[in-house]
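Peer 1: Got a sequence here, can you build the structure:
(chains A and B)
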Amino acid sequence: MIGLSHFLIISAALFCLGLLAVFTRKNAVNVLMGVELILNSANLNLIAFSKYSAAKIDGQVFAAFVIVVAAAEVAVALAIILTMYRIIKSVNLDRADTLKG
Amino acid sequence: MNPQILLDLKKFYPELALSVALLCVVIGDLAFPRFHKKTTFLIAALGLALAFLASLPLFQEPSGTLFFGVLALDPAAVFFKCFLILTSFLILLATPGSVELGQRRLGEFYSLLLGVTLGLLLLAASEDMLMLYLSLEMVSIGSYIMVGYLKNDRQSNEAALKYLLFGAVSSGCMLYGFTLFYGLTGTTKLMGMREVLASGGAAGDNAVMLLIASTAVLAGFGFKTAAVPFHFWCPDVYTGAPTPVTAFLSVAPKAAGFAILVRFFFTGLALPSAHTGSWTPLSSIDWRLLILVLSILTMTLGNIAALRQENMKRLLAYSSIAHAGYILMGVVVLTSQGIQSILIYLITYLFMNLGAFLVVIEIYNRTGSFDLKDYRGLYRRSPFLSISMTIFMLSLMGIPPLAGFFGKLYVFGAAVNANLAWFAVVGALNSVIAVYYYARVIKTMIIEAQEDMTRIATPWAGLILVWFMLLPTVGLMLFWSQIQQLTLASMKLFLGN
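Peer 2: The predicted model follows:
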């Protein structure tokens, strides 16, 4: 029988994988994918809690909003990465190094 | 329609005014391309002014919540509404004179500024985790675009990219924390959360889970307030962003970040004791220690890193990190006196920090440089700018009788009154370190000499703005009893019936 804890373990794993991707990847697009993993782990949590615990519909509504916000965020992120690419011809974060000190 | 919503809308006029102004700016920018520079500026200014005026009567309203407990309406929320609108208004006035932003596409910039301001107002008043997340993202996404506003400038773009990646990760962590709180308590409302946690309905063996959730949530607030260790974006973004945006980011999102930090932890995770005006953290989670460590790290690291900065914007970035550390002291003490000291600190910080950035903008407009070495001999080149900068630096140091001194006095005083005298000593030691780098700026401007001695002419609009910051920085103490009454009246949070 699959219960709440299974979902929570998977979402915790997704969260950790997302953080790992964010901290190890050098490609800006890959980092964004890591961020998506983090957001989706939160979504999984929300939906699992709303299904298995006393908390009702709130979680599912919350998850719908998170999906919308994630889409908006990615649109802005890709626009910024694109202008970055136009200027330095690369999406490698190591090349974004003029601000140091 | 539910009549309650209609009634609540009447207490929502500031946000409505901003939304209408935002739409008018977007449409005006498209419809009147020939006049749009002036019209959009006027519409934005009018919208902010109306929102400010609409906020004032809300001080008289009884505390409560709007829209079925999603937003709070209490004196603290109204105070932050006025504070944030005033900040945006000052930034708006500084925008047309900025050489960096130029004159092109300013209409879009105004609409972004209005949108972010609207998000900030909602953020400072959120009583529900969903509202909190949405308004925080509204602020963040708008600020990413503002930071990267100079499309062809490499530094501006890099700053935007860094801001975006850090912002997305920290708000993702915060969201994960929210989901854990939601799972533990079964509600997204902060007050409902406190009731469930206080009754022990969710606690028990969940202490670890609560600790993880609180830490994750702190990551999101720490990002907004630029607290160590979530500050890595701050120096780079402040350096790369256009200076008016930097000035905005150093005050408005930080203030809203503190507002929601206080609201979240004081209404969600602490029990108020009405007669003493203090709070006790819920027994299942000692988040006070977390913020204490955060505060000490923030002020110490901010001050030490500021010591060796050669770029004015970077120096002010680290200085603003250090100030966030002092303000966090007011959270740790967990008393209403602490909240009052935060409000006082923010008022003083608004004027001295914005003032310093305005002088930096004026100097950049004429010399094209942010390097401290180009500030040499500034006293000869522009006595007014260098003297005002000196006053702002002295105020940031906390030298009496300037405004910054009173902010520090109240924060340290609140710490001493809460039996945390050692904590106040740590803060005072930090202010001593800070004297070095602020004094270095003054020394560079006044004592050191440079070959280029051409005078720096300042346009009248810039002069008026600098004066507008200078007068409160110097003269705030003359109105001290009013400031004290205002903050005393504003420190009340709505904590449920």
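Peer 1: confidence score at the residue in the stretch 1-150 of chain B that chain A sits nearest to?
Peer 2: Minimum separation of the stretch 1-150 of chain B from chain A (C-beta to the nearest C-beta) falls at residue B:137, amounting to 4.8 Å. In short, each C-beta sits where N, CA and C put it, glycine included. With respect to pLDDT, residue B:137 scores 94.
Peer 1: Who are the packing partners of whichever helix in chain A runs longest?
Peer 2: Longest helix of chain A, by residue count under DSSP state H: helix A:58-88. Here helix A:58-88 touches helix A:28-52, helix B:129-147, helix B:154-185, going by 3 or more C-beta pairs under 8 Å, 6 or more residues apart in numbering or on different chains; DSSP states H and E.
Peer 1: okay, these in a markdown table with mean neighbour count and distance to residue B:328 next?
Peer 2: Formatted as a markdown table, the helices and strands packed on helix A:58-88 follow (neighbours: other C-beta atoms under 10 Å in any protein chain shown; distance: least, C-beta to C-beta, whole Å):
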| stretch | mean neighbour count | distance to residue B:328 |
| --- | --- | --- |
| helix A:28-52 | 21 | 25 |
| helix B:129-147 | 24 | 18 |
| helix B:154-185 | 25 | 16 |
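Peer 1: what's the closest of these to residue B:410?
Peer 2: Of all those, it is helix B:129-147 that lies closest to residue B:410, at 27.0 Å by C-beta to C-beta.
Peer 1: that older thread, nearest to residue B:113, out of the helices and strands packed on helix A:58-88?
Peer 2: Closest to residue B:113 of the helices and strands packed on helix A:58-88 is helix B:129-147 (C-beta to C-beta; 7.2 Å).
Peer 1: What helices and strands are in contact with that closest one?
Peer 2: Secondary elements touching helix B:129-147 (3+ C-beta pairs under 8 Å, 6+ apart): helix A:58-88, helix B:106-125, helix B:154-185, helix B:207-225, helix B:243-263.
Peer 1: Could you grab the helix/strand/coil label for residue B:98?
Peer 2: The three-state label given to residue B:98 by DSSP: H, G, I helix; E, B strand; the rest coil is coil.
Peer 1: Could you report the distance from it to residue B:23?
Peer 2: Distance of residue B:98 to residue B:23, computed by C-beta to C-beta, to the nearest Å: 25 Å.
Peer 1: where does residue B:189 land on pLDDT?
Peer 2: According to the model, residue B:189 scores 89 on pLDDT.
Peer 1: For chain B, just list every one of the strands.
Peer 2: Remark: strands assigned in chain B by DSSP state E are B:64-66, B:71-73, B:270-273, B:278-281.
Peer 1: In JSON lines, list those along with mean pLDDT and mean neighbour count.
Peer 2: Converted to JSON lines, those look like this (pLDDT from 0 to 100; neighbours: other C-beta atoms under 10 Å in any protein chain shown):
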{"stretch": "strand B:64-66", "mean pLDDT": "86", "mean neighbour count": "19"}
{"stretch": "strand B:71-73", "mean pLDDT": "90", "mean neighbour count": "23"}
{"stretch": "strand B:270-273", "mean pLDDT": "81", "mean neighbour count": "16"}
{"stretch": "strand B:278-281", "mean pLDDT": "81", "mean neighbour count": "18"}
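Peer 1: could the ones you listed go into a markdown table alongside distance to chain A?
Peer 2: Supplementary listing: those in a markdown table, determined by distance: least, C-beta to the nearest C-beta, whole Å:
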| stretch | distance to chain A |
| --- | --- |
| strand B:64-66 | 16 |
| strand B:71-73 | 16 |
| strand B:270-273 | 22 |
| strand B:278-281 | 24 |
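Peer 1: Once you drop chain neighbours, what's closest to the residue of the stretch 1-150 of chain B closest to chain A?
Peer 2: residue A:69 (4.8 Å; C-beta to C-beta, 6 or more residues apart in numbering or on different chains).
Peer 1: Any figure for the gap between the one you found and residue A:45?
Peer 2: In terms of C-beta to C-beta, residue A:69 sits 16 Å off from residue A:45.
Peer 1: Equivalent analysis for residue B:416, please.
Peer 2: 42 Å.
Peer 1: One more: residue B:323?
Peer 2: Distance, residue B:323 to residue A:45, using C-beta to C-beta: 35 Å.
Peer 1: low pLDDT regions in the stretch 101-250 of chain B?
Peer 2: Scanning the stretch 101-250 of chain B with the threshold set as pLDDT under 70 gives B:104, B:201-205.
Peer 1: Quick one, which of the strands of chain B gets closest to residue B:91.
Peer 2: Each of the strands of chain B has some distance to residue B:91 by C-beta to C-beta; the shortest is strand B:71-73, at 24.1 Å.
Peer 1: what packs against that closest one?
Peer 2: Packed against strand B:71-73 by the contact rule (3+ C-beta pairs under 8 Å, 6+ apart) you find strand B:64-66, helix B:106-125.
Peer 1: picking up where we left off before, could you give the mean pLDDT of the longest helix of chain A?
Peer 2: Here the average pLDDT along helix A:58-88 is 92.
Peer 1: got the angle between it and helix A:28-52?
Peer 2: For helix A:58-88 against helix A:28-52, the angle by axes from the mean of the first three to the mean of the last three C-alpha atoms, to 10 degrees is 180 degrees.
Peer 1: Buried residues of helix A:58-88, list them for me.
Peer 2: By 16 or more other C-beta atoms under 10 Å in any protein chain shown, the buried positions in helix A:58-88 come out as A:58-59, A:62-63, A:66, A:69-70, A:73-74, A:76-77, A:79-81, A:83-84, A:88.
Peer 1: Next, give phi and psi for residue 11.
Peer 2: Here I'm looking at chain A. phi -70, psi -40 (degrees, to the nearest 10).
Peer 1: Oops, wrong one, chain B.
Peer 2: phi -100, psi 10.
Peer 1: From residue A:44, how far out is it?
Peer 2: If you measure residue B:11 against residue A:44 using C-beta to C-beta, the figure is 37 Å.
Peer 1: that older thread, just put the helices and strands packed on helix B:129-147 in a markdown table and tack on distance to residue B:273.
Peer 2: Output for those, formatted as a markdown table (distance: least, C-beta to C-beta, whole Å):
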| stretch | distance to residue B:273 |
| --- | --- |
| helix A:58-88 | 30 |
| helix B:106-125 | 24 |
| helix B:154-185 | 22 |
| helix B:207-225 | 21 |
| helix B:243-263 | 17 |
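Peer 1: ok, what's across the strand from the residue nearest to residue B:495 when sequence neighbours are not counted?
Peer 2: Spatially, and ignoring its direct neighbours in sequence, residue B:495 is nearest to residue B:272 (5.3 Å; C-beta to C-beta, 6+ apart). Beta-bridge partners of residue B:272, counted by DSSP bridges, are residue B:279.
Peer 1: is it true that residue B:272 touches residue B:265?
Peer 2: No: counting by C-beta atoms under 8 Å, residue B:272 stays clear of residue B:265, with 11.9 Å between them.
Peer 1: I'm done for today, thanks for sticking with me.
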